[in-house]
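**Student:** Give me a 3D structure for the following:
(chains A and B)
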Amino acid sequence: MSEIAVAGSSPAWRSRLGIEAKTSTEAPDARRVLQLALAGIWLLDAVLQYQSFMFTKGFGQMLGGTSAGNPSVIASPINWDARLVEHNTVALNAIFATIQLLLALGIAWRPTVRFALGASIAWSLGVWWFGEGLGGVLAGTASPLNGAPGAVIIYALLAVLLWPTDRGGRPAPFTAARSVGAPVARALWVVLWLSLAYFALLPANRAPQALNGMIAGMESGEPGWLAAIDRGAASLVAHQGLAASIVLAVTLVIIAAGVFLPSAGARAILVLAIVVAAVIWVVGEAFGAILAGGATDPNSGLLLILLALVYWPLRITSPEPGLVPARQEGTPA
Amino acid sequence: MSTPAWILDIFAAIMLVVAAVSAGRLVALRPWRLGRAAVVTDIDVSHLLMAIAMAGMLAAGLQTLPNDAWAVVFGVLTAWFAVQVARDVRWEGRRALAAGHCTPHLVHAGAMLYMFVAITAPAASGGSGMAGMGGSGMQTLSLPVLAFLFALALIGYSVWDLDQLSGPGAGPHYSLAVPRSVPQAVLVGAPTGAGPSAAPVVALALDGDVTTVARPDVADQAASCAIPASLTGSNPVLAPWVATSCRIAMGVTMALMLILMI
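**Tutor:** Just a heads-up that it's a prediction; the model follows:
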C-alpha cells in the first residue's frame, strides 16, 4: 500500500510531508510585528546580560557609577543596590539575564504577551532607576548621543504603545494610537523628542569639545571601521559643540512636531527620525558598544528606530455606510 | 572571569535534549525505508549535529570532534541548505528567501560554520580544539560584525517561530496537537503557484510503487489538509512543533554563544 508521497524536485513538499513546520501561516498585523521586534531586542538584551563582564564586580561598580550627580533620594537606593550586586554578582546577574530572557520569550509567545509586556514595564522602570540612574536626567549629564533619557525607559514606552488592546471605534492613524489613543500617543512622542532636544542644549553637551569627546570616547575596543567612523565624526564636531548642539536640537524639535502633520509629511519626518536615530546608534553609541564587548544593552538608537515605526501612518480602509470603519490590518493579537 | 560554567552547562544540557529529540525523530522516521524521500530528514540531521557541536562548545567535557572536522561538517550542511534555498527561489520566487523553509536552516548552518572557522582559541588552550566557553581562556571570534549579524538573524527567527507556534493562525504545521492518523496514501502536488514547468505529482510508495497523478490541484489539497500519517503517524516526537521548538532552542543558544564570543 502506498504510504509515502513525494512531489517533483521542489523542496516545497518538505512542509507538506508534515515533518517540518511551515514558516508562514498567517501574516501577523503591524502591531504584532512590532511586538516581535521588541521581543527580539529584549532577547538581545538578555544574551548581552549573560556576558562574562556582567558576572564581575565591575558590573556592580558600573551600577554604582550611575548614582553620580543624582539627588540623594535617588542616589542612595542606587548605591545600596550596587553594593548588593557587588556582593552577589553571579546569582543576581544570572537572575537579571534570565528575567530578560523570559520577558523576550513571553512577548513572542502570544498567550503571555500581556503579562510579559506588563512585567517589562515594571522591570524597565526598576532598571531605569537602579541600573541607569534615571538616565542622567536629573544629573545634568543626559545627552541624546549617549542614550538619554535612558534606553530602558524606551522599552517601557514601547510596551505601553504596543499594548494589545484597541481604544474606541475609530480607526487609529498609527499603531501607537491603538492602545492609548492618538492624542496621548502624540503627547508621549512630543515629550520624548522635546526632552532630547532639551538635553542636547544642556551646558555639559554644548561645550566646545563636549560632542567631540563623547564620540571619540566610543572608539575604544571597536572594530577598525567603526573606530574610523567615530574618529571622522568626532573631528567633524571638534570645537563646534554649540553649533552642533543647536543643529541637533532643532532637528529633534522638527521630529517632535512631525506627528501632527498629515500622513505624507509625517512619513517624511519619521524617515528623518529613523535617520537621526540610526546616526545616534552608529556614531554616538557605536551600536551600544556591543562589538567592543561588555555592553549591557543595544542602547537607545535601535529603540528610537523601533519607536518611529510604531508611529508610521497606517492605511485605513473607507468605511461602508452604517458600519464601523475597519483597519486594513488583521485583528490585534 | 568568564560566564559561570553552570550557566553554560544549563545551555549545554538543553542542547543535549535537542540532540536526543532530533535523534529520536530520525529513528522514528526510519529514513532507510524512505528511499528518495529520506532527504526530508536533513532538518533533523542538521539539528542533531548542531546540538552536539554546540554542547561541546559550551562544555569542554562534551567536546566530540576537532574544530576543523566540525567546520567541514557545517560547510557541507551550509552548501546543502544553500542548494535547497536556491531551489525554493527557483520554484517560489524571491519570496522563498523570506518565507521558505530552508532559509532559517541555512542561517543556522552558516552561523555554525562561521563559529568554527572564525574562532580564535585563547593562548592558554594551545589552540587545538575547543576548550569549552567556560574554560579559563575566553574564546573570541574574528569578524565580530558577522557574529553580531548572525546573532540578530537568529534572534529574529527565534521570536518569529515562537509567535507562529502560538498564534491563532497557526496551521497544522505549527499546531501543538499531535498529528492525527490518516489511514490512506497521501499525495503531494506540484508547489503552489508553480508555472507550466511544474513537475507532475509523483506518489512514491514505500513498497516501490510510483504513480503519476494528473491532478496536482487535488493532490495539493489532500496534502495540505492532512499531515501525512504515513510519516508522522501518532508519534508525538514527530509533531512539527517539536522540530520548531528545537530550532528555537538552538537559535537562542547560538545567539548567546555568538555574543559571548564577540
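**Student:** and the nearest residue to residue A:130 once chain neighbours are set aside, how many neighbours does it have?
**Tutor:** Nearest in space to residue A:130, with sequence neighbours left out and distances taken as Cβ to Cβ, 6 or more residues apart in numbering or on different chains, is residue A:81 at 4.4 Å. Any C-beta I mention is one placed from the backbone N, CA and C, and that applies to glycine too. Neighbourhood size, residue A:81 [other Cβ atoms under 10 Å in any protein chain shown]: 20.
**Student:** any idea which element residue A:81 lies in?
**Tutor:** helix A:72-87 (DSSP states H and E).
**Student:** swap in residue A:307?
**Tutor:** helix A:300-310.
**Student:** picking that back up, isn't the residue nearest to residue A:130 right next to residue A:127, touching?
**Tutor:** No. At 10.3 Å, residue A:81 does not count as touching residue A:127 under the criterion of Cβ atoms under 8 Å.
**Student:** Name the nearest residue to residue A:189, ignoring sequence neighbours.
**Tutor:** Leaving aside its sequence neighbours, residue A:189 sits nearest to residue A:259 (Cβ to Cβ, 6+ apart; 4.9 Å).
**Student:** One more: residue A:223?
**Tutor:** Residue A:223 sits nearest to residue A:291 (Cβ to Cβ, 6+ apart), 5.6 Å away.
**Student:** Let me see the ranges of the helices in chain B.
**Tutor:** In chain B, the helices defined using DSSP state H lie at B:5-29, B:42-58, B:67-92, B:95-99, B:103-118, B:144-166, B:216-225, B:229-232, B:240-260.
**Student:** Quick check: chain neighbours aside, which residue is closest to residue A:82?
**Tutor:** Closest residue to residue A:82 apart from its sequence neighbours, by Cβ to Cβ, 6+ apart: residue A:64 at 3.4 Å.
**Student:** ditto for residue B:262
**Tutor:** residue B:144 (4.5 Å).
**Student:** Point me to the helix or strand that includes residue A:239.
**Tutor:** Counting by DSSP H and E, no helix or strand carries residue A:239.
**Student:** So for residue A:8, what's the pLDDT?
**Tutor:** What the model reports for residue A:8 is a pLDDT of 39.
**Student:** Could you list every helix and strand that the helix or strand encompassing the residue nearest to residue A:82 packs against?
**Tutor:** Per DSSP H and E: residue A:64 is located in helix A:57-65. When contacts are defined as 3 or more Cβ pairs under 8 Å, 6 or more residues apart in numbering or on different chains; DSSP states H and E, helix A:57-65 packs onto helix A:72-87, helix A:89-108.
**Student:** got CSV for those helices, with mean pLDDT too?
**Tutor:** Listed next are the helices and strands packed on helix A:57-65 as CSV, based on pLDDT from 0 to 100:
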stretch, mean pLDDT
helix A:72-87, 94
helix A:89-108, 96
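**Student:** looking at these, which is buried most?
**Tutor:** Ranked by mean neighbour count, these are led by helix A:89-108 with a mean of 20 (mean count of other Cβ atoms under 10 Å in any protein chain shown).
**Student:** relative to helix A:72-87, how tilted is it?
**Tutor:** Compare the direction of helix A:89-108 with that of helix A:72-87 by axes from the mean of the first three to the mean of the last three Cα atoms, to 10 degrees and you get 110 degrees.
**Student:** Show me what secondary structure element comes after helix A:89-108.
**Tutor:** helix A:113-130.
**Student:** helices and strands around the next helix or strand after that following helix, which ones?
**Tutor:** Per DSSP H and E, helix A:113-130 leads on to helix A:151-161 as the next helix or strand towards the C-terminus. Applying 3+ Cβ pairs under 8 Å, 6+ apart, one finds that helix A:151-161 contacts helix A:30-49, helix A:113-130, helix A:175-180, helix A:182-200, helix A:300-310.
**Student:** if we can go back for a sec, what about the residue nearest to residue B:262, how many residues nearby?
**Tutor:** Count around residue B:144 with other Cβ under 10 Å applied: 21.
**Student:** Could you tell me how many residues sit around the nearest residue to residue A:206 once chain neighbours are set aside?
**Tutor:** Nearest residue to residue A:206, sequence neighbours excluded (Cβ to Cβ, 6+ apart): residue A:245, at 4.1 Å. For residue A:245, the neighbour count with other Cβ under 10 Å is 25.
**Student:** Which residues are in contact with residue A:245?
**Tutor:** A:200-201, A:205-206, A:210-211 (Cβ atoms under 8 Å, 6 or more residues apart in numbering or on different chains).
**Student:** Those residues: which two are farthest apart?
**Tutor:** A:201 and A:211 (12.0 Å; Cβ to Cβ).
**Student:** in stretch A:133-153, what counts as buried?
**Tutor:** A:133-137, A:139, A:141-153 (16 or more other Cβ atoms under 10 Å in any protein chain shown).
**Student:** how far away is the closest residue to residue B:81 other than its chain neighbours from chain A?
**Tutor:** The shortest distance from residue B:81 to any non-neighbouring residue, by Cβ to Cβ, 6+ apart, is to residue B:106 (3.9 Å). Distance from residue B:106 to chain A, counting by Cβ to the nearest Cβ, to the nearest Å: 12 Å.
**Student:** Ok, residue B:109 next?
**Tutor:** For residue B:109, the distance to chain A equals 15 Å [Cβ to the nearest Cβ].
**Student:** for residue A:219, helix, strand, or coil?
**Tutor:** With DSSP: H, G, I helix; E, B strand; the rest coil as the basis, residue A:219 sits in coil.
**Student:** Who are the contact partners of it?
**Tutor:** Applying Cβ under 8 Å, 6+ apart, the residues near residue A:219 are A:227, A:230-231, A:234, A:286.
**Student:** Now with 10 Å, please.
**Tutor:** A:226-231, A:234, A:286, A:292 (Cβ atoms under 10 Å, 6 or more residues apart in numbering or on different chains).
**Student:** list residues touching both of residue A:201 and residue A:211?
**Tutor:** In contact with both residue A:201 and residue A:211: A:242, A:245, A:248, using Cβ under 10 Å, 6+ apart.
**Student:** mind checking which helix or strand the second one is in?
**Tutor:** With elements taken from DSSP H and E, the one containing residue A:245 is helix A:241-257.
**Student:** Tabulate the CA atom coordinates of that helix in PDB.
**Tutor:** Written as PDB, here are the backbone C-alpha positions of helix A:241-257 (Å, rounded to 0.1, in the frame of the first residue of the first chain):
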ATOM      1  CA  GLY A 241      29.900  71.900  20.400                       C
ATOM      2  CA  LEU A 242      27.500  74.800  20.500                       C
ATOM      3  CA  ALA A 243      26.700  74.800  16.800                       C
ATOM      4  CA  ALA A 244      26.300  71.000  16.600                       C
ATOM      5  CA  SER A 245      24.100  71.000  19.700                       C
ATOM      6  CA  ILE A 246      21.800  73.700  18.200                       C
ATOM      7  CA  VAL A 247      21.600  71.800  14.900                       C
ATOM      8  CA  LEU A 248      20.800  68.600  16.700                       C
ATOM      9  CA  ALA A 249      18.200  70.300  19.000                       C
ATOM     10  CA  VAL A 250      16.400  72.000  16.000                       C
ATOM     11  CA  THR A 251      16.300  68.600  14.200                       C
ATOM     12  CA  LEU A 252      14.800  67.000  17.300                       C
ATOM     13  CA  VAL A 253      12.200  69.700  17.600                       C
ATOM     14  CA  ILE A 254      11.200  69.200  14.000                       C
ATOM     15  CA  ILE A 255      10.900  65.500  14.600                       C
ATOM     16  CA  ALA A 256       8.800  66.200  17.700                       C
ATOM     17  CA  ALA A 257       6.300  68.200  15.700                       C
END
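**Student:** buried residues in that helix?
**Tutor:** A:241, A:244-245, A:248-249, A:251-253, A:255-256.
**Student:** Low-confidence ranges, the stretch 51-200 of chain A, go.
**Tutor:** Scanning the stretch 51-200 of chain A for pLDDT under 70 picks out A:168.
**Student:** let's see it at 80
**Tutor:** A:168-170 (pLDDT under 80).
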